[in-house]
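Novice: from the sequence below, what's the structure:
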Amino acid sequence: MIQERSKNIMLSLGTLFVLGFCLTPFVWMVIISLSKRPDFLIRDISPFTLANYIDILSLENLHFLDYLKNSVVVAGGTAIVSGVIGALAAYAVSRISFPGKIALIFGVLGLSMFPQICIVGYLYKFMSSLGWINTHSGLILPYISWSLPLALWILMSYFSQIPRELDKAAHIDGATRLQILFKVILPIALPGFLSTILLLFMFSFNEFLFALMLTTDFRARTVPVGIALFQGLHGELPWGYIMAASVISSIPVILIALFFQRHIIQGLTHGAVKE
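Specialist: Numbering: from 1, shown residues only. Sure, this is the predicted structure:
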């Protein structure tokens, strides 16, 4: 009895510590975003205000809404295209046997582990030659390449659990490989595919280095870079604006995690075949 109570106490304390560790920075960010000045605890406790949020959403010279739109367009386009290509690749790898299959899989994984800084210079030259600097396409293409290994590995592990008898039955009925994938396999693997799309979206939405190097102004710059460069735009550190923009830009990712966490966890941990 005492051991069980001690276990529950330790579990509760551990849970509270993790929650505090994760939520304290966000709560502090919200408090600063609602304050007139970041040093309000030192000088005077000023009343909370929504002025920072109003300015962020209304001042055209800040271009925050442009940054947010760019992030949604780039992240959404990357997630959809990378998810579809990843599904095609994962289906081929999980269903077709060919020499060097294992080496190919681990080669893709190994290449994805290279730091972004190793290739960003060459990537900039390549995008400059295409005339894609400061364009949505100039961000979506690298993001697709960078996120494909993640899509491939998640979907491959999911597709490999689907019995191949389903493919054979559909093939006997006259279905092509693409029809089998999109009409048989993907509907069964929908939780895994949805979780992949959501993870790719969050991955692309939060990416910083490529967006910093491949954009020059608000026409293609994404939210992480836009917030980081508030300092350069105004010659000071407008902490209220920075924190307000950070809170607003965190909302889409938080909503995705809250409303689709069941699908994400199911897609990453469970098989596609019901027992």
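Novice: what's around Val73, how many residues?
Specialist: 15 (other Cβ atoms under 10 Å). (Each C-beta comes from the backbone N, C-alpha and C, glycine too.)
Novice: per-residue confidence for it?
Specialist: Val73 carries a pLDDT value of 95.
Novice: ok, how many other residues are close to the residue nearest to it when sequence neighbours are not counted?
Specialist: Take Val73 and drop its neighbours on the chain: the residue closest to it by Cβ to Cβ, 6 or more residues apart in numbering is His136, 5.7 Å away. Neighbours of His136 under the rule other Cβ under 10 Å: 17.
Novice: quickly note the distance from His136 to Ala75.
Specialist: Separation of His136 from Ala75 (Cβ to Cβ, to the nearest Å): 11 Å.
Novice: Leu200 now?
Specialist: 8 Å.
Novice: same question, Phe126
Specialist: Phe126 is 21 Å from Ala75, by Cβ to Cβ.
Novice: C-terminal to the lowest-mean-pLDDT helix or strand in the chain, what's the next element?
Specialist: Counting by mean pLDDT, DSSP states H and E, the weakest-scoring helix or strand in the chain turns out to be helix 230-234, with a mean of 60. Helices and strands here follow DSSP states H and E; after helix 230-234, the next one along the chain is helix 239-259.
Novice: report all helices and strands that that following helix contacts.
Specialist: Judged by 3 or more Cβ pairs under 8 Å, 6 or more residues apart in numbering; DSSP states H and E, the packing partners of helix 239-259 are helix 2-33, helix 51-58, helix 64-95, helix 190-206, helix 223-228, helix 230-234.
Novice: count of neighbours near the nearest residue to Phe205 once chain neighbours are set aside?
Specialist: In space, and not counting its chain neighbours, Phe205 is closest to Ala75: 4.1 Å by Cβ to Cβ, 6+ apart. Burial measure for Ala75: 26 neighbouring residues, criterion other Cβ under 10 Å.
Novice: so for Phe106, what's the pLDDT?
Specialist: For Phe106, the predicted pLDDT is 84.
Novice: what number of residues lie near it?
Specialist: Neighbours of Phe106 (other Cβ under 10 Å): 10.
Novice: so what does it have for phi and psi?
Specialist: phi -70, psi -30 (degrees, to the nearest 10).
Novice: quickly note the distance from it to Ser112.
Specialist: For Phe106 relative to Ser112 (Cβ to Cβ), the value is 11 Å.
Novice: next one: Arg95
Specialist: 22 Å.
Novice: then Trp146?
Specialist: To Ser112, Trp146 is 7 Å away according to Cβ to Cβ.
Novice: what does Glu207 give?
Specialist: To Ser112, Glu207 is 14 Å away according to Cβ to Cβ.
Novice: also Phe201?
Specialist: Taking Cβ to Cβ, one finds Phe201 at 18 Å from Ser112.
Novice: neighbour count: the two, which is higher?
Specialist: Phe201 (25 against 15).
Novice: for the more buried one, which non-adjacent residue is closest in space?
Specialist: Ala79 (4.1 Å).
Novice: isn't the one you found up against Ser204?
Specialist: Yes. Assessed by Cβ atoms under 8 Å, Ala79 is found in contact with Ser204 at 6.4 Å.
Novice: between these two, what contacts are shared?
Specialist: Ser147 (Cβ atoms under 8 Å, 6 or more residues apart in numbering).
Novice: report the separation between Leu212 and Ile56.
Specialist: As defined by Cβ to Cβ, Leu212 lies at a distance of 20 Å from Ile56.
Novice: these two: who's more crowded?
Specialist: Ile56 (26 against 15).
Novice: contacts only, for that one.
Specialist: Leu62, Phe64, Tyr241, Ala244, Ala245, Ile248.
Novice: equivalent analysis for Ala75, please.
Specialist: Ala75 touches Tyr143, Leu200, Phe201, Met202, Ser204, Phe205, counting by Cβ under 8 Å, 6+ apart.
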